[in-house]
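In: Here is the input, now give the coordinates:
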Amino acid sequence: MNAFLVLRRTTWASLLAGSGLTLLSAEAPAPAPSTAGGPEITIHSVAPPPEWALWQRHLLDQMWPAAEGFVAKYTRSDGSLIWRDAWPGMDGSDDGYESLYNFPLYYALGGPDPILPLALRLWDAVTRQFTAYGQVHKEFDGYYDWMHHGESYVNFYFFGLADPGLAEIRTRSRRFAGFYLNEDPEAPNYDPVHRLIRSPITGSRGPRFVTTAEDWSTHRDDLAPYPLPFEDIPGITSGRDWLDDAKLPAILDALNQRMMRGDVPLNLTATSLLTDAFLHTGDDRYRRWVLEYVEAWMERVRQNGGILPDNVGPTGQIGECMGGKWWGGYYGWRWPHGLFNLVESTLIAAANAHLLTGDAKYFELPRSVLRVVERQAKTEDGRVLVPHRHGDQGWYDYRPINPSYLIHLYSITEDPEDYARIGRLANPSAWNRLNYRKAKGDFGHEGPWLRLIQGDYPSTRRRSSGPRTPRRSADWR
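Out: Residues are numbered from 1 along each chain as shown. Purely as a prediction, here's the structure:
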């Protein structure tokens, strides 16, 4: 997963400048009265910073030599990644951007000034590199799904957080959003009549209704361990059949006929791209698109009896290409991951719509997903298990839910019911210690973080991240 709730905020400098807010220290001479009409706050005394702030500053200072060493070892002089000379298929650019995604975030949090131009140079270099490979077109992925687009463009969104004044980033943001407003004739990705994105595979080259063996060539190994996308493909009995060249055409025929035409909830992650463009420009058409699209999916939940359908056909009908079934779509209730893709995409979209409106009603979309699996929950050996998949046999694949999604939802809404859900479905008693190892998505610290903000986390444990940066630097040196 991808990093997952990207809510762009301005830097303190631009926030203060834009609001007319003035901060006065006791030592500084008072400026002339402001004519901006904003509030004025006078600080009459100073106090030592809290312990967490000192540790945060310590970590930020350690990260700069680590970043320099990483770049020196893993990139060429032009900023491109030291990797392969050729890379086929539609997969891969997300990994290139993810390698460096937190560089602009590091700057926004208080990293040194050189990190931002370095981050821009590296983003440009990866874009050129994957353009040469063939995945990127017009500085954006030619076509792929929004799980992988989402992973790629977290890096890009963080530039707006780091410096909203970057003209080249603002220009790209508008162009990228235009791929989903049909502003580029090569990329008619959106159907405004039926309020749907026309395929699970989209990008700067438009919707991809027919995928090929070459498209999947670098991803077949990754898909082999998962369940098959469909159980009724003649002659196909195992995920390992992805690796059989003789059997691959049958799998792709089934995908192309049933999955590649119409919309899926995974596409809700595209709302971050349009939200980013709105925050850069204030152009209301981007906001209107986000709200129109999120509300279309909320209507589909109502049409489907409170259950989020994972596929909508070209004319907007639930199950249109799936024999009437509301399950079975691309990155949906059954394949490949199940529940987490549905929680994640709906939570991202709701957070974006809430950011643009202040209306909490949009969180009913991810809550609908959580409610339906909670209704099916069962307890075994003291653990609450929820179904992570739905297929022809009904609900199955019972496991504990990842509490990260529950905590992310509560952290935004601060709704008592969202907090209560954490206690019902997760195990907060396990969050007394941070057992965090950096991995894809940066998950794993949400529980201890929740304990920390509640004032129920020992200060000695807050220091546990202190030694991690030198240890991790030693790992790759």
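
In: quick check: longest strand of the chain.
Out: The longest strand of the chain (DSSP state E) is strand 383-391.

In: From the contact counts, what lies against the top helix by length along the chain?
Out: The longest helix of the chain (DSSP state H) is helix 51-74. Applying 3 or more CB pairs under 8 Å, 6 or more residues apart in numbering; DSSP states H and E, one finds that helix 51-74 contacts helix 103-109, helix 115-133, helix 459-462, helix 468-476. C-beta: built from backbone N, CA, C; applies to glycine.

In: avg pLDDT for the next helix-or-strand element following that helix?
Out: Of the helices and strands lying after helix 51-74 in sequence (DSSP states H and E), the nearest is helix 93-98. The average pLDDT within helix 93-98 is 96.

In: ok now helix 93-98, how far from the chain's centre?
Out: Offset of helix 93-98 from its chain centre (CA atoms, centre = their mean, to the nearest Å): 13 Å.

In: Tell me what angle the longest helix of the chain forms with helix 115-133.
Out: Between helix 51-74 and helix 115-133, the angle comes out at 40 degrees (axes from the mean of the first three to the mean of the last three CA atoms, to 10 degrees).

In: For helix 51-74, buried residues please.
Out: Neighbour-count burial for helix 51-74 flags 55, 56, 62, 63, 66, 67, 70 (criterion: 16 or more other CB atoms under 10 Å).

In: Lowest average pLDDT across the helices and strands packed on helix 51-74?
Out: Across the helices and strands packed on helix 51-74, the lowest-scoring stretch is helix 459-462, with a mean of 53.

In: Out of the buried residues of helix 51-74, flag the one nearest to residue 201.
Out: Minimum distance to residue 201 across the buried residues of helix 51-74 is 31.9 Å, recorded for residue 70 (CB to CB).

In: can you confirm residue 111 is in a strand?
Out: No. Using DSSP: H, G, I helix; E, B strand; the rest coil, the assignment for residue 111 is coil, not a strand.

In: what about it, neighbour count?
Out: When neighbours are counted by other CB atoms under 10 Å, residue 111 registers 22.

In: what does residue 149 give?
Out: The tally of other residues near residue 149 (other CB under 10 Å) stands at 26.

In: returning to that earlier point: ok now the longest helix of the chain, how far from the chain's centre?
Out: The answer for helix 51-74 is 24 Å, by CA atoms, centre = their mean.

In: One more: stretch 317-326?
Out: Counting by CA atoms, centre = their mean, stretch 317-326 is centred 27 Å from the centre of its parent chain.

In: could you pull out the strands for the protein?
Out: Ranges of strands within the chain are 22-24, 40-42, 136-137, 140-141, 190-191, 196-197, 378-380, 383-391, 394-399, based on DSSP E.

In: Which one of the ones you listed lies nearest to residue 350?
Out: Proximity to residue 350 (CB to CB) singles out strand 196-197 among these, at 17.1 Å.

In: List of residues touching that closest one?
Out: Residues from elsewhere that reach strand 196-197 (CB atoms under 8 Å, 6 or more residues apart in numbering): 180, 189-191, 207, 262-263, 267, 270, 293, 296, 312, 314, 316.

In: quick one: strands adjacent to that strand?
Out: Next to strand 196-197 in the sheet, as set by DSSP bridges, lie strand 190-191 (antiparallel).

In: Give the burial count for residue 281, as a bare number.
Out: 14.

In: same question, the one 4 residues further on
Out: For residue 285, the number of neighbouring residues by other CB under 10 Å comes to 13.

In: List the contacts of it.
Out: Neighbouring residues of residue 285 by CB under 8 Å, 6+ apart: residue 181.

In: And for residue 263?
Out: By CB under 8 Å, 6+ apart, residue 263 lies in contact with 196, 197, 198, 200, 311, 312.

In: Per-residue pLDDT of the second one, please?
Out: In this case it means residue 197. Residue 197 is given a pLDDT of 99.

In: Now it: closest residue in space that isn't a chain neighbour?
Out: Excluding its sequence neighbours, the residue lying closest to residue 197 (CB to CB, 6 or more residues apart in numbering) is residue 267, at 4.3 Å.

In: hang on, isn't that neighbour packed against residue 146?
Out: Yes. If you go by CB atoms under 8 Å, residue 267 and residue 146 touch, sitting 5.2 Å apart.

In: joint contacts of these two?
Out: 200, 202, 345.

In: Next, the contact list for the closest residue to residue 421 other than its chain neighbours, please.
Out: In space, and not counting its chain neighbours, residue 421 is closest to residue 406: 5.8 Å by CB to CB, 6+ apart. With contact taken as CB under 8 Å, 6+ apart, residue 406 is in contact with 370, 418, 421, 422, 425, 426.

In: mind running it again at 7 Å?
Out: When contacts are counted by CB atoms under 7 Å, 6 or more residues apart in numbering, residue 406 touches 421, 422, 425, 426.

In: What about those residues, which are in helices?
Out: Using DSSP H, the subset of the contacts of residue 406 located in helices is 421, 422, 425.

In: Please parse this structure into its domains.
Out: 12-26+58-203+262-401, 220-258 (automatic domain parsing).

In: tell me which residues in the last one are buried?
Out: Within domain 220-258, the residues scored as buried using 16+ other CB under 10 Å are 220, 223, 227-230, 233, 236, 239, 241-242, 247-248, 251-252, 254-255, 258.

In: Cross the residues you listed against helices and list the overlap.
Out: Going by DSSP H, the helices hold 220, 223, 248, 251, 252, 254, 255, 258 from the buried residues of domain 220-258.

In: Nearest spatial neighbour of the third one, chain-adjacent residues omitted?
Out: It stands for residue 248. Distance criterion CB to CB, 6+ apart; nearest residue to residue 248, sequence neighbours excluded, is residue 213 at 5.8 Å.
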